[in-house]
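K.L.:
structure for this input, please:
(2 chains)
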Amino acid sequence: MSIVQRQKALISIWLYGSMLLWTVGFCLIMVIPCLMMLFFPAQRREAMFRRVIVLYGRTIIFGAVWPLLRVKYEDRAPTEKTPGIYIFNHRSSSDPFLVAALGVPLIQIVNGWPMKLPFFGYFARQGRYIDATKTEYEAARKHIRGLLKEGVSVVAFPEGTRSGNRKMNQFHSGIFRIALELNAPIYPCCIVGNEELPDLNFRFRSGVIRICRGHPVMPTNIAAANAFVLKTRIKALIATEIAEIESEKKL
Amino acid sequence: MDRNDIIKAVNSIFIDQFEIEEMELSPDKTIFNDLGLDSLDMVDLMVGLQRKFGIPLRQSEEIRKIEKLNDIYDFFVKLIDEHPDAAARFKNGTGN
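P.N.:
Model prediction:
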C-alpha cells in the first residue's frame, strides 16, 4: 500500500467515523421532535422533515467533516429568495449532502436507490423527494408546481449520474421542460473540488469543496424555444462558473 | 429529392430548433452523447421533422433504434421513398 493510499485510508476512517458519531448525536437530539412531527398534518409534517434533512446535511458538511474537508458556499444572488429549480453539476456521491449548504427549503430529484435506503430513504420519502425512476412526467410537474407555490425549491442533477471527474456529462431535458412550462426561475449552481471526495471507491482525501449559487434565470427571459435550448444555456452558465472557480487555483 | 436535400432539411431542424452549429452535424455523431438530445428532445425533433417533410410519423421501432445522425438521414431517405407525394410537395416548396 502506497503512502497516498494509506493516507486516504486513514482520512476515510476518520471521516466516516466522525460522520457516524455526528449522525448518532443528531438522531439522539432529533428523535423526539421527529416523533412529534408524525402527529402534524401532512403538509406541515413534510415541511418539517425537509427542514430536518437540510439541518442534518449542514451538520455533516460544516461540522462532521471539518477540518479535513472544508466546504465554502458562495451566493452570487444573496438577496434573491424566490423558490426555484436549482440545477447542479454532479461529480460525486457527496453532492446530495452538499446542497444543504443552500440553506433553503428544498427537495431533491433522485434516482431510485436513495429512496430505498433504510434511514435516509425514510426521511426522503417523508419530505416527498421525487424518485425520477418512478415518477411520471405529469405527476412530477404537478408536484413541482405545488412545491414552488409552497415556497419549496427543487434541486436537480440533470446529468443523472455522477461523473467522478471534472467533466460535465450531457444533461437530460425533463426538468428544463418543466421549468419552461411553469416559467420557474432556474438557479445555475455548481459544486467544485469534490470530484474525488469521495472517489468512485468511496475513499476520501482532505480538500476544499466550493459550492456556488448563481443568479436566477427566468426561462422566458432567455427566449429559449424548447427544453434543449434552455438546458444548453444553463449548462453553459454552469460550465463558465466552474471554469472561473477552477482558474482561481484555490483547489 | 435526393439524399443531400434530405440531409440539408434534417440539419436545418438541428440548427434552427436546437441551435446546434452546422459544423457539429457530422453523420457519425451520436444523438445523445455527442449532440446532447435525450428521449424528450427526440420527440421535439420528430415533431419538427414531421412538419418539415409533411409526413406523419408514428412511433416505430426504427425511430427507437436511432443512435447516430446518419440513422436519422437513413430513416428519412427511406420514408421519402415510401411517400413520393411528400417529396414532390417538399420540392415545390409547399412543405412546412
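K.L.:
chain B contacts on the stretch 51-200 of chain A?
P.N.:
A:Gln170, A:Phe171, A:His172, A:Ser173, A:Gly174, A:Arg177 (CB under 8 Å from any CB of the partner chain). For every residue, glycine as well, the C-beta is placed using N, CA and C.
K.L.:
and the helices in the chain?
P.N.:
You didn't say which chain, so I picked chain A. Using DSSP state H, the helices assigned to chain A run over residues A:3-37, A:42-59, A:95-98, A:112-116, A:120-126, A:137-150, A:174-182, A:227-247.
K.L.:
sorry, should have said chain B
P.N.:
Ranges of helices in chain B, per DSSP H, are B:3-18, B:39-53, B:61-64, B:69-82, B:84-91.
K.L.:
ok, of the helices of chain A, where does mean pLDDT dip lowest?
P.N.:
Note on the helices of chain A: lowest mean pLDDT is at helix A:112-116, with a mean of 87.
K.L.:
poorly predicted segments of chain B, please.
P.N.:
B:59, B:91-96 (pLDDT under 70).
K.L.:
around chain A, which positions in it sit nearby?
P.N.:
Counting by CB under 8 Å from any CB, the residues of chain B near chain A are B:Gln17, B:Phe18, B:Glu19, B:Phe32, B:Asn33, B:Gly36, B:Leu37, B:Asp38, B:Leu40, B:Asp41, B:Asp44.
K.L.:
nearest spatial neighbour of A:Ala100, skipping sequence neighbours?
P.N.:
In this structure, A:Ala100 finds its nearest non-sequential neighbour in A:Gly57, 2.5 Å apart by CB to CB, 6 or more residues apart in numbering or on different chains.
K.L.:
residue contacts, that neighbour?
P.N.:
By CB atoms under 8 Å, 6 or more residues apart in numbering or on different chains, A:Gly57 lies in contact with A:Pro96, A:Phe97, A:Leu98, A:Val99, A:Ala100, A:Ala101.
K.L.:
circling back: return a PyMOL selection command for the buried portion of the residues of chain B next to chain A.
P.N.:
In PyMOL, a selection of the buried entries from those looks like this (16 or more other CB atoms under 10 Å in any protein chain shown):
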select buried, chain B and resi 17+18+36+37+38+40+41+44
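K.L.:
let me know the closest of the residues of chain B next to chain A to A:Glu136.
P.N.:
B:Leu40 (12.8 Å; CB to CB).
K.L.:
burial measure for the closest residue to the closest one other than its chain neighbours, as a count.
P.N.:
Closest residue to B:Leu40 apart from its sequence neighbours, by CB to CB, 6+ apart: A:Ser173 at 4.5 Å. Using other CB atoms under 10 Å in any protein chain shown, A:Ser173 is surrounded by 26 other residues.
K.L.:
same question, A:Arg205
P.N.:
16.
K.L.:
grab the nearest non-local neighbour of it.
P.N.:
Nearest one to A:Arg205, counting by CB to CB, 6+ apart, is A:Lys8 at 5.5 Å.
K.L.:
now do A:Ala77
P.N.:
In space, A:Ala77 is closest to A:His215, 4.6 Å off (CB to CB, 6+ apart).
K.L.:
Throw the residues of chain B next to chain A into TSV and include distance to B:Asp81, thanks.
P.N.:
Output for the residues of chain B next to chain A, formatted as TSV (distance: CB to CB, whole Å):
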residue	distance to B:Asp81
B:Gln17	25
B:Phe18	26
B:Glu19	30
B:Phe32	27
B:Asn33	29
B:Gly36	30
B:Leu37	25
B:Asp38	29
B:Leu40	29
B:Asp41	26
B:Asp44	25
